[in-house]
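Novice: prediction below, plus the sequence it came from.
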Amino acid sequence: MKRIGLLCDGGDAPGINTAIRAVARASFEREYEVLGFIDGFKGLIENDVKIITKMSVSGILTVGGSILGISRFNPYKDPKYVEAIKENFKKNSLTLLVIIGDRDTITIAKKLSEEGVPSIVIPKTIDNDIYGTDYSIGFDTAVSVISSALDNLHATASAHHRLMVVETMGRETGWLALFGGVTGGADYIVIPEVPFTIEEIAAHIEKRKKEGKNFSIVVVAEGVVLPDEDRSTFEYDEFGHKVNAKRMVGYRLATKLENITHLKSRVMVLGYLQRGGVPTSADRLLATQLGVFTVDLVAKGIANVVVGVNKSELTTTPYEEAFDKIHMADTTYYELARIFF
Ligand code: F6P
């Protein structure tokens, strides 16, 4: 009989609970056992574990967050953590780990697989930056949060003739700003994948003013680096990512644009609002498909892959191929967005 160790790693994203439910229910169909580790790798290290039952995954399809908790924790910062993981993996007689995680998870899972701890990663992140899948669990919900925020901000921006700068999350990528901006009617979108100058954004805002549009909404991805930004002041986390939440690129962009256009600016950093909430039906479907597919792979003895959906097909990508790559935003969507600026 197979026994799956389930845990969540990284930042939360809407649809994690849907994926937990899918892995559990598909496992029970096959009479596999599922052990859930609390707060990600921390739970595996401390053997903080609970048996997942049909009852424990009942009623969680639509609930944001994670019933198992989640943490951004790098076990490779101390060899004793890795030893504890290996020990608890054996102690619980696990067949493999199923980790609902992000890019950093793949790096950790790859290293663990090389030390005899097999796993499968189910991709979740609002950033949609995981290589090996067109979409990650949580992205669609976060996009819908951004587009409805833009719907509301349009009213204020237009009534007060303001320049609204809306900062989205997304780490090094512009997926959230791009999809949120297209679906929310942004007047300009600034993402890391597309080169820009402050002057060209300002010129665009002024052109809109001349055409009678005395307000503008500019959506900027948190990972954007402004042309004159001093990279030596960036703070990095334990995985080597810029700590974007503290950089507040939206504020600095707004000041620069206000100085040129003389439109009064206001800034809206959407922040963690994008990570919470009820998953959309698209995220629920994706989480359900990937969860069930993962258990099918367990049945076939397949491990050390990231599952994903590519052009509507369920796929696997070996850790070896995925771990050092970033799924950058598809700039053909930028061409689409540009038509409406
Ligand atoms: O990866 C998801 C994400 O929300 C990023 O968009 C953001 O940069 C980061 O997590 C914030 O991380 P934390 O929860 O550690 O502040």
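Specialist: Noted; the coordinates are in hand. Numbering: from 1, shown residues only.
Novice: only C-alpha atoms for contact and neighbour calcs from this point on.
Specialist: OK.
Novice: Three-state assignment for residue 105, please.
Specialist: What DSSP: H, G, I helix; E, B strand; the rest coil gives for residue 105 is helix.
Novice: how is the protein divided into domains?
Specialist: Using automatic domain parsing, the domains assigned to the chain come out as 3-138+279-322, 140-276.
Novice: and the first one, how far out from the chain's middle?
Specialist: Relative to the mean C-alpha coordinate of its chain, domain 3-138+279-322 is positioned 14 Å out (CA atoms, centre = their mean, to the nearest Å).
Novice: what's the end-to-end length of that domain?
Specialist: Distance across domain 3-138+279-322, first residue to last, is 26 Å (CA to CA, to the nearest Å).
Novice: show me where the stretch 1-150 of the chain has helices.
Specialist: 16-29, 41-46, 79-91, 103-114, 139-160 (DSSP state H, counting those that start in this stretch).
Novice: from the contact counts, what lies against the fourth one?
Specialist: It stands for helix 103-114. strand 119-123, helix 319-322 (3 or more CA pairs under 8 Å, 6 or more residues apart in numbering; DSSP states H and E).
Novice: quick one: average confidence on it?
Specialist: Mean per-residue pLDDT for helix 103-114: 98.
Novice: now the angle from that helix to strand 119-123?
Specialist: Put simply, helix 103-114 runs at 170 degrees to strand 119-123, going by axes from the mean of the first three to the mean of the last three CA atoms, to 10 degrees.
Novice: show me which residues of helix 103-114 are buried.
Specialist: Using 16 or more other CA atoms under 10 Å as the test for burial, helix 103-114 gives 103, 104, 105, 106, 107, 108, 109, 110, 111, 112, 113.
Novice: looking at the helices and strands packed on helix 103-114, which is nearest to residue 139?
Specialist: strand 119-123 (10.4 Å; CA to CA).
Novice: the closest one close to the ligand?
Specialist: No - Strand 119-123 is not in contact with the ligand by CA under 6 Å from any ligand atom; minimum separation 11.3 Å.
Novice: sorry, back to before: what's the closest of the buried residues of helix 103-114 to the ligand?
Specialist: Here the nearest of these to the ligand, counting by CA to the nearest ligand atom, is residue 103; it sits at 8.6 Å.
Novice: for burial, what's the neighbour tally of the nearest residue to residue 75 once chain neighbours are set aside?
Specialist: Distances taken as CA to CA, 6 or more residues apart in numbering place residue 81 nearest to residue 75, at 5.3 Å, with adjacent residues excluded. By other CA atoms under 10 Å, 18 other residues sit near residue 81.
Novice: what's the spacing between residue 81 and the ligand?
Specialist: 20 Å (CA to the nearest ligand atom, to the nearest Å).
Novice: how about the secondary structure of residue 302?
Specialist: Once three-state DSSP is applied, residue 302 turns out coil.
Novice: quick one: pLDDT of it?
Specialist: 98.
Novice: please apply the same query to residue 240.
Specialist: Listed pLDDT for residue 240 reads 87.
Novice: make sure it is indeed in a helix.
Specialist: No - under three-state DSSP, residue 240 sits outside any helix and is assigned coil.
Novice: look up how far the ligand lies from it.
Specialist: Distance from residue 240 to the ligand, by CA to the nearest ligand atom: 12 Å.
Novice: phi and psi next, for that residue.
Specialist: phi 90, psi 10 (degrees, to the nearest 10).
Novice: likewise for residue 52?
Specialist: Phi and psi for residue 52, reported as degrees, to the nearest 10, are phi -90, psi 130.
Novice: most tightly packed of the domains of the chain?
Specialist: Sort these by mean neighbour count, taking mean count of other CA atoms under 10 Å, and domain 3-138+279-322 sits at the top with a mean of 21.
Novice: ok, residue 32 - contacts?
Specialist: 1, 2, 3, 4 (CA atoms under 8 Å, 6 or more residues apart in numbering).
Novice: quick check: the gap between the residue in the stretch 201-341 of the chain positioned nearest to the ligand and residue 237.
Specialist: Nearest to the ligand in the stretch 201-341 of the chain, going by CA to the nearest ligand atom, is residue 244, at a distance of 5.6 Å. Residue 244 sits 10 Å away from residue 237, going by CA to CA.
Novice: show me which residues of the chain are close to the ligand?
Specialist: Counting by CA under 6 Å from any ligand atom, the chain sits next to the ligand at 11, 125, 126, 127, 169, 170, 171, 244.
Novice: quick one: which two of the contacts of residue 32 are the most distant?
Specialist: Distance extremes for those: the farthest pair is 1 and 4 at 10.1 Å, using CA to CA.
Novice: what do the two both touch?
Specialist: With CA under 8 Å, 6+ apart as the test, residue 1 and residue 4 both reach 32, 33.
Novice: ok, back up a step: now for the residues of the chain next to the ligand: which two are most distant?
Specialist: Across these, no pair lies farther apart than 125 and 244, at 15.7 Å, counting by CA to CA.
Novice: can you pull out the strands in the stretch 201-341 of the chain?
Specialist: Counting by DSSP state E, counting those that start in this stretch, the stretch 201-341 of the chain has strands at residues 216-221, 265-269, 305-310, 313-318.
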